[in-house]
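Undergrad: sequence and predicted model, in that order:
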Amino acid sequence: MPEQPLESEGVIAGTGTGGAMDLATTEAETPAKRPPPAFGGGPGGGTESTGKPRSLWSDAWRDLRRNPVFIVSGLIILFLIVISLWPSAIASGSPLDCDLAKSQQGSAPGHPFGYDGQGCDVYTRTVYGARTSVAVGVCAMLGVAILGSVLGALAGFFGGPWDSILSRITDIFFAIPVILGGLVLLSVVTSNSIWPVIGFMVLLGWPQISRIARGSVITAKQNDYVQAARALGASNSRMLLRHITPNAVAPVIVVATIALGTYIALEATLSYLGVGLKPPSVSWGIDISAASPYIRNAPHALLWPSGALAITVLAFIMLGDAVRDALDPKLR
Amino acid sequence: MLLEVRDLHVEFRTRDGVAKAVNGVDYGVDEGETLAVLGESGSGKSVTAQAIMGILDMPPGRITGGEILFKGQDLLRLKEEERRKFRGAEMAMIFQDALSSLNPVLSVGDQLGEMFVVHRGMSRKDARARAVELMDRVRIPAAKERVRDYPHQFSGGMRQRIMIAMALALEPALIIADEPTTALDVTVQAQVMALLAELRRELNMGLILITHDLGVVADVADRIAVMYAGRIVESAPVHDIYKAPAHPYTRGLLDSIPRLDQKGQELYAIKGLPPNLMNIPPGCAFNPRCPMARDVCRTDAPPLYDVIPSDGTRVSACHFWTECLHG
């Protein structure tokens, strides 16, 4: 490539067959004939650049920081993450340290939430329950998001028979009722770890994300810039990873965030039904289940874990909404 | 010949039937030559270009016949992986709408640099330096500062310059520009065309300019190929065609250019609509709209006649080309 700058020299010869054309070329000749420096200083030049470059993501982040919904939900989630990592920081006792003599007693000094039916400290159990809920929610969400978006993206990108097969499988999984499926599948599991529950959620949850990923990949694929990248020699994997994924990932993030909240609620539901986690695991669902028969005598034992669950789920749904608002330019 | 398209046929299989988008196109472009391909929407000009580039969506598209010879090699016989190496390095394409042709989440520097990363295996840093060079070359002011900017921060003309820079990055032998100035203001159009023509001359590339703007064509093209219903109906050096068209469709196109000296008069329009590609009329595809159509036009498809002076530079697909040329 020659190094010297090009001289603009009015290439337009203006053979001119019609008056309108002559007009167009005359108008254009003036700027085209200007030497390059004048070009650069011209009003059409660098005037559009406003401050530092912004992308979709930095724009979204700027929007989020100003959104009170994001700040509130973000703080709640941050708090949840901290207490799931270090529950002993705010709860000194053990959740399994119970004294039947104190069964269903109300709040006492050092035990602000009172005691449940087994005489365990409700405050400590609620704090430790967050760890299970967050662990189940995050792991299930990650599993669902990875499996669902990879399968969905491949189906959307390659289309054809792969797409048809995957879409039918998706339909089949959609047809499985979650609670019934959980009762049937998880009732045969004897392990008391969180993994069977997470596995079940991933198994039933991925089609939701895969559908969304498929749809947004198909939309992104039709963009001219993907065609342009192809015309300039990009390979399939490069088009998918560099041009399509960054433009298709926003809806997946939004749905996955909201889904995280619902997975936490689903864990509680399954535990309540006795097919999720089982004692001695500590989980809000188990506590809600254990406290529900005594709702008249000891409502506090039900209230605190349910309240924690409700706030957590709400926080993730609010976060998902805030992220959606920030990532969807049409709502701006 | 740098590129030669011979008897190319492309069809699209849709739910409603088979749309014959390209029905035996022949054209060629030499190094350093500009071929303008003219035609209405749906005449097959873009589909032909996509077939040349190998970016036709297949399915539903299908190339049912013909050859595309690039430097003597038939591209249609190559494997996809081999063809991909041609794209960008040997032939590149510039699209109509530069805003939608640039990835909104990547900075222009990244997108320009990608050409060098993909095809030349350069490091990101070197690629970025080359990106700045390219932006300078297409005269984007303050290239060094703007290389980190995103496409939406540029004006329409500047964006099209960036597209041109991307296409020219690896100095391909052939550039296909698909209506490169349609989305721009008239003054910017002229600047962009001038830039394209200049770089074409400097790098001695073949340029296929797809357009429906006859004004643009007159200024920059060496030859014109007029397409109708997926066929070339007339192909000739640019001055010959403007002086005396040898096909009634070309004549119609030229007559429908607005002229300043006809202010107040009604603008000529070719009557009727382009044919439905699923149901192209028998005989000459233009016959239902042609003012000169006779019985033979409704039954026999015209071959490409050699037009005077019969030196092979000029062809017309009209049974009555002599009449058209002199009338």
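TA: Great, that's in hand.
Undergrad: quick check: mean pLDDT across the helix or strand where residue A:310 lies?
TA: Assigned by DSSP states H and E, residue A:310 falls within helix A:299-327. For helix A:299-327, the mean per-residue pLDDT is 87.
Undergrad: what does stretch A:223-231 give?
TA: 85.
Undergrad: helix, strand, or coil at residue B:27?
TA: Recorded secondary structure, residue B:27: strand (DSSP: H, G, I helix; E, B strand; the rest coil).
Undergrad: next, count neighbours for the residue nearest to it when sequence neighbours are not counted.
TA: Leaving aside its chain neighbours, residue B:27 sits nearest to residue B:225 (4.8 Å; criterion: C-beta to C-beta, 6 or more residues apart in numbering or on different chains). From N, CA and C alone the C-beta is placed, and that goes for glycine too. If you count neighbours by other C-beta atoms under 10 Å in any protein chain shown, residue B:225 ends up with 27.
Undergrad: do residue A:99 as well
TA: 12.
Undergrad: from residue A:293, how far out is it?
TA: 20 Å (C-beta to C-beta, to the nearest Å).
Undergrad: again with residue B:209
TA: 81 Å.
Undergrad: and if you look at residue B:28?
TA: Counting by C-beta to C-beta - residue B:28 and residue A:293 are separated by 87 Å.
Undergrad: of these two, who's got more company?
TA: Remark: of residue B:28 and residue A:293, residue B:28 carries more neighbours, 18 against 11, as counted by other C-beta under 10 Å.
Undergrad: chain neighbours aside, what residue packs nearest to the more buried one?
TA: Nearest non-adjacent residue to residue B:28 (C-beta to C-beta, 6+ apart): residue B:4, at 4.2 Å.
Undergrad: in which helix or strand does the one you found reside?
TA: Under the assignment here (DSSP H and E), residue B:4 is part of strand B:3-14.
Undergrad: follow-up on the earlier one: neighbours around the residue nearest to residue B:28, how many?
TA: 17.
Undergrad: please name the residues that touch it.
TA: B:27-28, B:67-69 (C-beta atoms under 8 Å, 6 or more residues apart in numbering or on different chains).
Undergrad: what's across from it in the sheet?
TA: The bridge-partner assignment for residue B:4, based on DSSP bridges, gives residue B:28, residue B:69.
Undergrad: and residue B:73, by the same measure?
TA: residue B:70.
Undergrad: how far away is it from chain A?
TA: 17 Å (C-beta to the nearest C-beta, to the nearest Å).
Undergrad: likewise for residue B:17?
TA: 21 Å.
Undergrad: how about that residue, phi and psi?
TA: As for residue B:17, its main-chain torsions (degrees, to the nearest 10) stand at phi 140, psi -170.
Undergrad: how about it: what's its closest non-neighbour residue?
TA: residue B:278 (4.6 Å).
Undergrad: likewise residue A:324?
TA: residue A:254 (4.2 Å).
Undergrad: same check on residue A:104?
TA: Spatial nearest neighbour of residue A:104, excluding adjacent residues (C-beta to C-beta, 6+ apart): residue A:298 at 3.9 Å.
Undergrad: next, count neighbours for the one you found.
TA: There are 20 residues near residue A:298, going by other C-beta under 10 Å.
Undergrad: residue contacts, it?
TA: A:104, A:114-117, A:291.
Undergrad: where do the helices sit along chain B?
TA: Along chain B, counting by DSSP state H, helices occupy B:45-53, B:80-86, B:98-101, B:108-120, B:124-137, B:143-146, B:156-168, B:186-203, B:214-220, B:238-243, B:248-255, B:295-299, B:321-326.
Undergrad: which one of those helices lies closest to residue A:234?
TA: Of all these, it is helix B:108-120 that lies closest to residue A:234, at 6.3 Å by C-beta to C-beta.
Undergrad: grab the nearest non-local neighbour of the residue of the stretch 201-332 of chain A found nearest chain B.
TA: In the stretch 201-332 of chain A, the residue that lies nearest chain B is residue A:233 (3.1 Å; C-beta to the nearest C-beta). Take residue A:233 and drop its neighbours on the chain: the residue closest to it by C-beta to C-beta, 6+ apart is residue B:88, 3.1 Å away.
Undergrad: repeat for residue A:271
TA: residue A:285 (2.8 Å).
Undergrad: can you tell me the element the one you found falls in?
TA: helix A:284-291.
Undergrad: distance from the chain centre to that helix, please.
TA: 27 Å (C-alpha atoms, centre = their mean, to the nearest Å).
Undergrad: list of residues touching it?
TA: Contacts for helix A:284-291 (C-beta under 8 Å, 6+ apart): A:116-118, A:122, A:125-126, A:129-130, A:132-133, A:267-274, A:276-279, A:298, A:301-302, A:305-306, A:308-309.
Undergrad: if any of these are buried, give me the PyMOL selection for them.
TA: A single PyMOL command suffices to select whichever of the contacts of helix A:284-291 are buried according to 16 or more other C-beta atoms under 10 Å in any protein chain shown:
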select buried, chain A and resi 116+117+118+122+125+126+129+130+132+133+267+268+269+270+271+272+276+277+298+301+302+305+306+308+309
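Undergrad: in helices, which of the contacts of helix A:284-291 appear?
TA: Checking the contacts of helix A:284-291 against DSSP H, those in helices are A:122, A:125-126, A:129-130, A:132-133, A:267-272, A:301-302, A:305-306, A:308-309.
Undergrad: follow-up on the earlier one: quick one: buried residues of the helix holding residue A:310?
TA: By 16+ other C-beta under 10 Å, the buried positions in helix A:299-327 come out as A:300-306, A:308-309, A:312-313, A:315-327.
Undergrad: cool, stretch A:282-297 as well?
TA: The neighbour-count check on stretch A:282-297 (16+ other C-beta under 10 Å) flags A:282-291 as buried.
Undergrad: what does stretch A:127-140 give?
TA: Under 16+ other C-beta under 10 Å, the buried positions of stretch A:127-140 are A:127-140.
Undergrad: from those, list the ones also adjacent to chain B.
TA: On the criterion C-beta under 8 Å from any C-beta of the partner chain, none of the entries of these sits beside chain B.
Undergrad: which one of those residues is nearest chain B?
TA: Closest to chain B, out of all of those and judged by C-beta to the nearest C-beta, is residue A:138, at 26.1 Å.
Undergrad: okay, the helices of chain B in a markdown table with distance to residue B:39 and mean neighbour count next?
TA: As requested, the helices of chain B are exported to a markdown table (distance: least, C-beta to C-beta, whole Å; neighbours: other C-beta atoms under 10 Å in any protein chain shown):
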| stretch | distance to residue B:39 | mean neighbour count |
| --- | --- | --- |
| helix B:45-53 | 5 | 24 |
| helix B:80-86 | 25 | 15 |
| helix B:98-101 | 21 | 22 |
| helix B:108-120 | 30 | 23 |
| helix B:124-137 | 31 | 19 |
| helix B:143-146 | 36 | 17 |
| helix B:156-168 | 22 | 25 |
| helix B:186-203 | 18 | 21 |
| helix B:214-220 | 11 | 24 |
| helix B:238-243 | 13 | 19 |
| helix B:248-255 | 9 | 22 |
| helix B:295-299 | 19 | 14 |
| helix B:321-326 | 18 | 17 |
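Undergrad: nearest to chain A, of the ones you listed?
TA: helix B:186-203 (2.6 Å).
Undergrad: quick one, the closest one and helix B:156-168 angle?
TA: 20 degrees (axes from the mean of the first three to the mean of the last three C-alpha atoms, to 10 degrees).
Undergrad: and residue B:173, what pLDDT?
TA: At residue B:173, the model reports a pLDDT of 89.
Undergrad: ok, residue 94 - contacts?
TA: This is for chain A. residue A:124.
Undergrad: was after chain B, sorry
TA: Going by C-beta under 8 Å, 6+ apart, the list of residues near residue B:94 reads B:160, B:163-164, B:167, B:175-178, B:180, B:196.
Undergrad: also near chain A: which of those residues, exactly?
TA: Among those, chain A is touched by B:163, B:167 when using C-beta under 8 Å from any C-beta.
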